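In: sequence-free structure coming up:
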């Protein structure tokens with residue numbers, strides 16, 4: 001039975017992913033900001049078949065506590081087989097354009113905190129010569145758009161970091177999985193007008209579970225986003241900057 005650390009465990013995608021691992025009888029160490037939400041999630045996962053569930057309250061932006069959190073997970077579960085990093089925010093692009101403070105806040109949450117966690121966790125898994133590290137990135141990181149380029153910058157940087165980490169850890173038998181969802185109907189996108197390309201978190205969660213089990217490299221969820229982003233990335237810059245892609 002797998003022993004899994006999930007950071008950002010209260011996110012909709014993380015919850016849906018955890019349900020599949022719970023059915024396999026996994027042990028969980030859940031990390032998030034809200035103890036109340038984690039308690040509710042833990043109860044649900046227990047009913048679904050999870051063997052053991054422990055929780056740890058943490059704001060992922062508090063970089064100084066990352067090592068403490070990992071140490072607590074290892075002390076509690078003894079070892080880790082998998083890590084899923086799923087925390088993040090979708091802040092206001094307009095506020096970021098007006099404020100350096102807001103821009104850096106978004107970059108710290110969506111990029112710097114992720115890199116801190118990956119750096120610490122990578123060393124652990126590298127020493128073990130096995131394991132799976134999965135991170136929720138986004139198709140927004142594939143090309144900048146005027147409506148969310150600060151968020152996209154963070155996600156794009158995370159994806160590049162994961163490429164290098166994957167290259168480094170492959171020799172140690174550790175899999176690094178980059179998850180790139182498209183539009184997902186979650187609380188984080190509650191203020192965004194929904195269109196035909198939006199999908200449910202349950203579909204993405206199942207895809208994340210399968211990608212981690214199969215030790216994929218890069219996965220677009222749902223699958224058709226791979227084709228969409230191939231086309232988007234192929235558009236010449238002189239044309240792309242005139243398009244109203246939002």
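Out: Everything's here; your move. Predicted model only: the values in this text are computed from it and were never measured.

In: mind checking the longest helix of the chain?
Out: Counting residues, the longest helix found in the chain (DSSP state H) is helix 149-169.

In: lowest mean pLDDT among the helices and strands of this structure, which one is it?
Out: The weakest-scoring helix or strand in the chain, judged by mean pLDDT, DSSP states H and E, is helix 237-240 (a mean of 92).

In: got the buried residues for it?
Out: Residues of helix 237-240 include none that count as buried (16 or more other C-beta atoms under 10 Å). The way it works is simple: take the backbone N, C-alpha and C, and place the C-beta from them, glycine included.

In: about what we covered before: the helix or strand following the longest helix of the chain vs helix 149-169, what angle?
Out: The element immediately downstream of helix 149-169 (helix or strand, assigned by DSSP states H and E) is strand 174-181. Angle of strand 174-181 versus helix 149-169, following axes from the mean of the first three to the mean of the last three C-alpha atoms, to 10 degrees, is 160 degrees.

In: what comes into contact with whichever helix or strand comes after strand 174-181?
Out: Per DSSP H and E, strand 174-181 leads on to helix 201-213 as the next helix or strand towards the C-terminus. For helix 201-213, contacts defined as C-beta atoms under 8 Å, 6 or more residues apart in numbering pick out 12-21, 82, 84, 132, 134, 136, 177, 179, 181, 184-186, 219, 221-222.

In: model confidence over helix 201-213, on average?
Out: What helix 201-213 shows for mean pLDDT is 97.

In: list the strands paired with the helix or strand just after that helix, with their directions.
Out: Downstream of helix 201-213, the first helix or strand assigned by DSSP H and E is strand 218-221. Applying DSSP bridges to the sheet, strand 218-221 is found paired with strand 174-181 (parallel).

In: in the strand it pairs with, what's buried?
Out: 174-181.

In: and that strand, what's its mean pLDDT?
Out: Here the average pLDDT along strand 174-181 is 98.

In: equivalent analysis for stretch 94-111, please.
Out: 96.

In: contacts for that stretch, please.
Out: Stretch 94-111 is contacted from outside by 60-61, 87-89, 91-92, 150-151, 153-155, 157-158, using C-beta under 8 Å, 6+ apart.

In: which one of the residues you listed is nearest residue 74?
Out: residue 60 (17.9 Å; C-beta to C-beta).

In: so that closest one, which state does it fall into?
Out: Classification of residue 60 using DSSP: H, G, I helix; E, B strand; the rest coil returns coil.

In: what about it, neighbour count?
Out: By other C-beta atoms under 10 Å, 26 other residues sit near residue 60.

In: do you know the pLDDT at it?
Out: Confidence score, pLDDT, at residue 60: 96.

In: closest one of the buried residues of strand 174-181 to residue 144?
Out: Set against residue 144, the nearest of the buried residues of strand 174-181 by C-beta to C-beta is residue 180 (15.1 Å).

In: on that earlier part again, which parts of the longest helix of the chain are buried?
Out: Of all the residues in helix 149-169, those buried under the rule 16+ other C-beta under 10 Å are 149-159, 161-162, 165-166, 169.
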